[in-house]
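Visitor: one predicted model, sequence on top.
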Amino acid sequence: MEKRQLIARIEELRKERGWSKLKLNEDAGLTAGTIYQWYRTERMPTINNLECVCNAFGISLSEFFADDSAMREAIHDQELYQLIVALSEADKKLFIEFLRKFTKLHCKHDGTRK
């Protein structure tokens, strides 16, 4: 990943959280102005610094470098899994039945299954 891509990814994650550069710098535990230097100079973040940034964001390095759509899908799948696991056994059975009926109905309407 090129420097501009790294900075763009950091910027995306920072803005998603509504954080300033200063807040990220502080939460990542980096020396004063480190993130500003990445934006202003040709200096590349080190892997150690990226790991600090990822820790501040609450993500792993692999999530940082993952394809954005793949990462969002994984997060969505994890959230769905957690919601399902929290259901009682009776509610899980009802939910499965609902999904079966929904899938059949949806497939009839979009023509993917008859």
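Guide: Structure received. Numbering: from 1, shown residues only.
Visitor: if we ignore the residues flanking it in sequence, what's nearest residue 14?
Guide: residue 24 (5.3 Å; CB to CB, 6 or more residues apart in numbering). Yep, even glycine has a C-beta here, placed from its N, CA and C like the rest.
Visitor: contacting residues for the one you found?
Guide: Going by CB atoms under 8 Å, 6 or more residues apart in numbering, residue 24 touches 10, 14, 35, 53, 56.
Visitor: next SSE downstream of the lowest-mean-pLDDT helix or strand in the chain?
Guide: Using mean pLDDT, DSSP states H and E, the weakest-scoring helix or strand in the chain turns out to be helix 68-85, at a mean of 73. Counting by DSSP states H and E, the next helix or strand C-terminal to helix 68-85 is helix 89-110.
Visitor: what's the model's confidence in that following helix, averaged?
Guide: Averaged over helix 89-110, pLDDT sits at 83.
Visitor: just list what that helix packs against, helices and strands only.
Guide: For helix 89-110, there is no helix or strand it packs on, judged by 3 or more CB pairs under 8 Å, 6 or more residues apart in numbering; DSSP states H and E.
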